[in-house]
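**Q** My questions concern the predicted model and sequence given below.
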Amino acid sequence: MKREHDKSYLRQIHELPCVLTGRPVVHAAHIRYHAAGKRQVGMGEKPDDKWVVPLCPDLHTMLAGAQHNHNERLWWEHVGVDPVKLAIELYKYRDDPQWQQEILALSMPSDPVYIERITQLLNPKEQDNGKQGNRPGTRRLRGGL
């Protein structure tokens, strides 16, 4: 089955703030893991462009604690967001950017536990108490990853 590309929708996602930090510069983070209503994708393969959420570059790929460096399903559980449900809602309202903003505002974690976990991901030196030598992608995060 051929992947569905939607460059217009991806440009729209880039106009939204990060779902976890509210930062204005984002990547379109494709949700790769299998979920109901979403086809399974293989290693190195991206899903259809409707399966994306806005995520700041640090949390998407740049930091050792980023989504790309961990088990994706567990990473999203760790930060308290269901990216599949979010992607469905954002795509459903793709013709209403103002409502997409509201969806993101409502989806942003508000529980102090999740806010602390996100803060730790963004500040890895504080998280590992300044220890050096962990290779990116191999560090285990506090809270279950």
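**A** Noted; the coordinates are in hand.
**Q** how about the residue nearest the centre of the chain, what does it touch?
**A** Centroid-nearest residue in the chain: Leu55, 4.9 Å away (criterion: Cα atoms, centre = their mean). Leu55 sits next to 18-20, 26-27, 29, 67 when contact means Cβ atoms under 8 Å, 6 or more residues apart in numbering. C-beta coordinates here come from the backbone N, C-alpha and C atoms, glycine included.
**Q** go with 6 Å
**A** Listed by Cβ atoms under 6 Å, 6 or more residues apart in numbering, the contact set of Leu55 reads 18, 26-27, 29.
**Q** got a winner among these for most neighbours?
**A** Neighbours here are counted as other Cβ atoms under 10 Å. On that basis the top member of those is Ala29, with 26 neighbours.
**Q** Leaving out chain neighbours, which residue sits closest to that one?
**A** Leu55 (3.9 Å; Cβ to Cβ, 6 or more residues apart in numbering).
**Q** For stretch 67-86, C-alpha coordinates in CSV please.
**A** Extracted in CSV, the C-alpha atoms of stretch 67-86 (Å, rounded to 0.1, in the frame of the first residue of the first chain):
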residue,chain,number,x,y,z
GLN,A,67,10.8,10.7,20.8
HIS,A,68,12.9,9.2,18.0
ASN,A,69,15.4,7.8,20.5
HIS,A,70,13.0,5.6,22.5
ASN,A,71,10.1,3.2,22.2
GLU,A,72,7.5,5.5,20.6
ARG,A,73,4.4,4.2,22.4
LEU,A,74,6.1,4.3,25.8
TRP,A,75,7.6,7.7,25.1
TRP,A,76,4.1,9.2,24.5
GLU,A,77,2.7,7.4,27.5
HIS,A,78,5.6,8.9,29.6
VAL,A,79,4.6,12.5,28.6
GLY,A,80,0.8,11.9,28.9
VAL,A,81,-0.4,12.4,25.4
ASP,A,82,-2.2,10.0,23.1
PRO,A,83,-0.7,11.0,19.7
VAL,A,84,-3.0,8.8,17.7
LYS,A,85,-6.2,10.4,19.1
LEU,A,86,-4.6,13.8,18.7
